[in-house]
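The sequence and its predicted three-dimensional model are supplied below.
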Amino acid sequence: MSQSVAQYLLESRGTHRTLEAFVVAACFDRAGSTAAFALGDGTLRLVTLAERETWNTVEAHDGAVLSLAPDASQTGFISGGDDGRFRRIDQTIADFRSKWVEHVASHPGEKGKGALIACTVGKAIHLYSAAGEKLKELPHPSTVTGLTFDARGKRIAASHYNGASLWFVNAKEDSPRRLEWKGSHTAIAVHPEGDAVVTAMQENALHGWRLSDNQHMRMSGYPAKTEALSFTRNGKWLATSGAESMVLWPFFGGGPMGKAPIELAGGDGVTCTRVAAHPQQEMVAGGFADGLVVLAEVNSSRILPIAPPGQGGVSALAWSPDGSQLAIGSENGFAAIIDLSKR
Amino acid sequence: MANTETEAPGASQVPVTVLTGYLGAGKTTLLNRILTEQHGRKYAVVINEFGELGVDNDLVVDTDEEVFEMNNGCICCTVRGDLIRIVGGLMKRRDKFDGIIIETTGLANPAPVAQTFFVDENVRSKAKLDAIVTVVDAKHLPQRLEDSHEAADQIAFADVIILNKTDLVTSEELAAVENKIRAINRFAVIHRTERAALPIEQVLDRGAFDLKRVLAMAPNFLDNDEHEHNDEVTSVSFEVENSIDPEKFNAWIGALLQEDGPNLLRTKGILSYANDDRRFAFQAVHMIADGDFIGPWKADEPRISRIVFIGRNLNRPRLRRGFEGCAVA
């Protein structure tokens, strides 16, 4: 039954395409007017929501796109590729030649000031003004594997071997706060209130640091590697992939230390590959290795199937800023935008 | 074209060739031959230094070798984190490559590269180790073996050895150096070359790591059962004619690798399990083991189980007794 619901939603509320390449990432611009899909063939596919049946192709990279984020401004996107380029749609911001640009991030700043864009190349974060002027290069002891700004855009966080580094972007002298834990850390998220940093690790576990008192947090029990980490808007829950359900860790009431996580949308024996917390409400979208995409309400554990299985493992999942649109991409090149706004 | 549903499992995994060898042995020359030869195939090449590679059609990825220890209770389990990321990235454009070639730095220990292909689930599902190819310099190898562990390790790990610069030594010296290689690893295929010239099909797409070759190798009947107490890398192999009991084998090999993994560089075996018509292929790099059925025994093929150990301080009688003890009673 759930499959037919999902098929119905996809057909009645969705626009979708089968593209010829792996969907590496998806996101919406900050205005929420355009969706972008980044593909393994080097292209971006752009869809203006007002004309959602027109999918435009942009030849962004000569190779695979490796990373995608909204630009710091209201419209546009930034991307990194295995051609060594850090790009905007119509402009190469920097060319690192044979090195891959593995992660990109942006922040719009506050009150029109301090808008930033950043990318990672090997062991370094390269930080630029929104205009594309290089501000600084932040070195790490090993390759950067995950990159994110904190909610206010004051700090930028990177995961790497043996921990993570947290940098104040406006510091006069750049010295990071090093968060140490032995092992290979492969993805990173910062709590919306800025007091916790969580990484995913090679050994199918998460590690966290509470910044106020240096308390370590260990979250384990995953059968597979966690590739997606997403805090709910108020920071109450951290949604994660890597298990046969969406796993949500409580970041309240003393948690996650000593608390059990909740599991949503499990039971099919299929690994959850992507999660994306809703930007407004306590809901989480989850994508699975068989292509199924569901929306789960955290408090009621109610599940709404959104896209049926069969389209390839979900490799990209993103909400529009207002939470009315969900973009989905798969390893097989399936891409969709589902309109979940009230009608 | 590719990815038809009739393909055998594993056929969609991209073959990976690891190229090791000391600086100056001829690795870059060999790589250039591979990349410039007209073979109609496309490779992704992972290197550490952007050198003088003649690259037209192929993708070159520049990386820093980043070896880290796994927190999995396995003291010798190190993997290459950079390769995990690179293979993941390349797979997003998978249809464009016929293979991946990884060049390691001159002094690199091959174990972390090999272990990466066993340990990481994402890598395992997308790529498979095809062969470890070691290039050695016929003139300087004896000196290298004196100087360092790594030279012996690189030979021990090799499926294919390119014995290069043969024009710089006499035939007696060549025979002597080949004997030294054989003493370390009697199971690798050795190609003698000048300027690393050989048909590239001798290097790529060997399927060497899938172990089918193990069965074709002559066992060392003439070995005496002496326990060698030294730091030299050697290789031994044993045969059992009776079927193997999988439970006994797993218990024995598991305990052996746990206890002696640091000394056991490579272990490979082809086993005839009781009540199964398929050949079971087993292999390990240090403590990290992997095994799978690789197709049926042929009707006229003797069902002999064979195991090979390459490592240091091999206790031959104990290994022999252990393996023989795995036979069905």
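Noted; the coordinates are in hand. Numbering: from 1, shown residues only, chains lettered A, B, ... in the order given.

show me where pLDDT drops low in the stretch 1-150 of chain A?
Along the stretch 1-150 of chain A, segments meeting pLDDT under 70 span A:1-3.

mind listing what the closest residue to B:Thr193 other than its chain neighbours touches?
The spatial neighbour of B:Thr193 that comes closest, neighbours along the chain excluded (CB to CB, 6 or more residues apart in numbering or on different chains), is B:Asn164 at 5.0 Å. C-beta coordinates here come from the backbone N, C-alpha and C atoms, glycine included. B:Asn164 makes contact with B:25-26, B:29-30, B:135-138, B:193-196, according to CB atoms under 8 Å, 6 or more residues apart in numbering or on different chains.

Next one: B:Asn164 from B:Gly21, what distance?
8 Å (CB to CB, to the nearest Å).

next one: A:Thr120
32 Å.

Can you report how many residues lie near the spatially closest residue to B:Leu59 that is not a sequence neighbour?
The spatially closest residue to B:Leu59, leaving aside those adjacent along the chain, is B:Ala44, at 4.6 Å (CB to CB, 6+ apart). Applying other CB atoms under 10 Å in any protein chain shown, we find 24 residues neighbouring B:Ala44.

Now for B:Asn164 and B:Gly21: what residues contact both?
Common neighbours of B:Asn164 and B:Gly21 (CB under 8 Å, 6+ apart) are B:135-136.

Keep only those of the contacts of B:Asn164 that are in strands.
Mapping these onto strands (DSSP state E) picks out B:135-137.

Could you pull out the helices in chain B for me?
B:27-36, B:81-91, B:111-119, B:121-126, B:141-147, B:149-157, B:171-184, B:212-216, B:246-260, B:316-324 (DSSP state H).

Output these as CSV; include the columns mean neighbour count and distance to chain A.
Converted to CSV, those look like this (neighbours: other CB atoms under 10 Å in any protein chain shown; distance: least, CB to the nearest CB, whole Å):
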stretch, mean neighbour count, distance to chain A
helix B:27-36, 20, 14
helix B:81-91, 22, 5
helix B:111-119, 24, 9
helix B:121-126, 16, 6
helix B:141-147, 16, 28
helix B:149-157, 23, 22
helix B:171-184, 15, 32
helix B:212-216, 16, 30
helix B:246-260, 16, 18
helix B:316-324, 17, 31
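
tell me, which of the ones you listed is the model least confident about?
Here those differ in mean pLDDT, and the lowest is helix B:212-216 at a mean of 54.

which parts of stretch A:67-86 are buried?
A:67-73, A:76-86 (16 or more other CB atoms under 10 Å in any protein chain shown).

Revised request: answer the last question for stretch A:110-125.
A:114-125.

start to end distance for it?
Terminal residues of stretch A:110-125 are spaced 22 Å apart (CA to CA, to the nearest Å).

same thing with stretch A:228-241?
End-to-end for stretch A:228-241, by CA to CA: 5 Å.

Next up, the contacts around the residue nearest to B:Leu59.
B:58-61, B:90, B:97, B:99-101.

would a markdown table of these with distance to A:Gly132 be doable?
Formatted as a markdown table, these follow (distance: CB to CB, whole Å):
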| residue | distance to A:Gly132 |
| --- | --- |
| B:Asp58 | 31 |
| B:Leu59 | 27 |
| B:Val60 | 27 |
| B:Val61 | 26 |
| B:Leu90 | 29 |
| B:Phe97 | 33 |
| B:Gly99 | 38 |
| B:Ile100 | 34 |
| B:Ile101 | 36 |
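
Let's see which of those residues end up in strands.
Those of the contacts of B:Ala44 mapping onto strands are B:59-61, B:99-101, per DSSP E.

In ChimeraX, how would I select the buried members of those residues?
The buried residues among the ones in strands among the contacts of B:Ala44 can be selected in ChimeraX (16+ other CB under 10 Å) with this line:
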select /B:59,60,61,99,100,101
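
Tabulate the ones in strands among the contacts of B:Ala44 in CSV, adding columns for pLDDT and distance to B:Pro142.
Listed next are those as CSV, based on pLDDT from 0 to 100; distance: CB to CB, whole Å:
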residue, pLDDT, distance to B:Pro142
B:Leu59, 76, 37
B:Val60, 80, 33
B:Val61, 82, 34
B:Gly99, 91, 33
B:Ile100, 93, 32
B:Ile101, 93, 28
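
Show me which of the ones in strands among the contacts of B:Ala44 is closest to chain A.
B:Val60 (6.2 Å; CB to the nearest CB).

Does chain B have contacts with stretch A:90-108?
Yes - using CB under 8 Å from any CB of the partner chain, stretch A:90-108 reaches chain B at A:98-100, A:102.

wait, what's in contact with A:Val65?
A:24-25, A:38-40, A:42-44, A:79-81.

most surrounded residue in those?
A:Ala38 (32 neighbours).

ok, that residue touching A:Phe22?
No - in this structure, A:Ala38 is not within contact of A:Phe22 by CB atoms under 8 Å, at 9.5 Å.

Which parts of the stretch 201-329 of chain B are strands?
According to DSSP state E, counting those that start in this stretch, the stretch 201-329 of chain B carries its strands in the segments B:233-240, B:264-272, B:278-285, B:288-296, B:305-312.

Pick out the shakiest of those strands, pLDDT-wise.
strand B:288-296 (a mean of 86).

out of everything not next to it in sequence, what's closest to the residue in the stretch 201-343 of chain A positioned nearest to chain B?
Taking CB to the nearest CB, chain B has its nearest neighbour within the stretch 201-343 of chain A at A:Glu203, 5.2 Å off. Nearest-residue entry for A:Glu203: B:Asn71, 5.2 Å, with adjacent residues in sequence omitted and distances by CB to CB, 6+ apart.

Next: A:Tyr161.
Going by CB to CB, 6+ apart, A:Tyr161 has A:Ser142 as its nearest residue, at 4.0 Å.

Doesn't that neighbour belong to a strand?
No - assessed with DSSP: H, G, I helix; E, B strand; the rest coil, A:Ser142 is coil; it does not lie in a strand.

tell me the contacts of it?
A:123, A:160-162, B:66, B:81 are the contacts of A:Ser142 under CB under 8 Å, 6+ apart.

ditto for B:Thr20
B:Thr20 neighbours (CB under 8 Å, 6+ apart): B:27, B:104, B:108, B:110, B:132-135, B:154, B:157-158.

From what I see, B:Leu168 and B:Val177 are in contact.
No - using CB under 8 Å, B:Leu168 is not in contact with B:Val177; the gap is 11.0 Å.

and for these two, which residues touch both?
B:Ala138.

Now do the SS call for A:Lys182.
Assignment for A:Lys182 (three-state DSSP): strand.

Contact partners for B:Met70?
Counting by CB under 8 Å, 6+ apart, the residues that B:Met70 touches are A:183, A:202-203, B:77-79, B:119.

rewinding a little: pretty sure the residue of the stretch 201-343 of chain A closest to chain B sits in a helix.
No - according to three-state DSSP, A:Glu203 belongs to no helix; its state is coil.

any idea of the pLDDT on it?
90.

Phi and psi next, for it.
phi -90, psi 40 (degrees, to the nearest 10).

just the one 10 residues further on next, same as before
Dihedral angles phi and psi of A:Asp213 (degrees, to the nearest 10) take the values phi -130, psi 10.

Near chain B, which residues of chain A? Just list them.
A:21-22, A:24, A:40-41, A:63-64, A:66, A:82, A:98-100, A:102, A:122-123, A:142-143, A:145, A:161, A:182-184, A:202-203, A:224-225.

Pull out the buried members of those.
Among these, the ones that count as buried (16+ other CB under 10 Å) are A:21-22, A:24, A:40-41, A:63-64, A:66, A:82, A:99-100, A:102, A:122-123, A:142-143, A:145, A:161, A:183-184, A:202-203, A:224-225.

Show me these that map onto strands.
A:24, A:66, A:102, A:161, A:183-184.

still on that earlier bit, I'd like to know which of the contacts of B:Asn164 are buried.
B:25-26, B:29-30, B:135-138, B:193, B:196.
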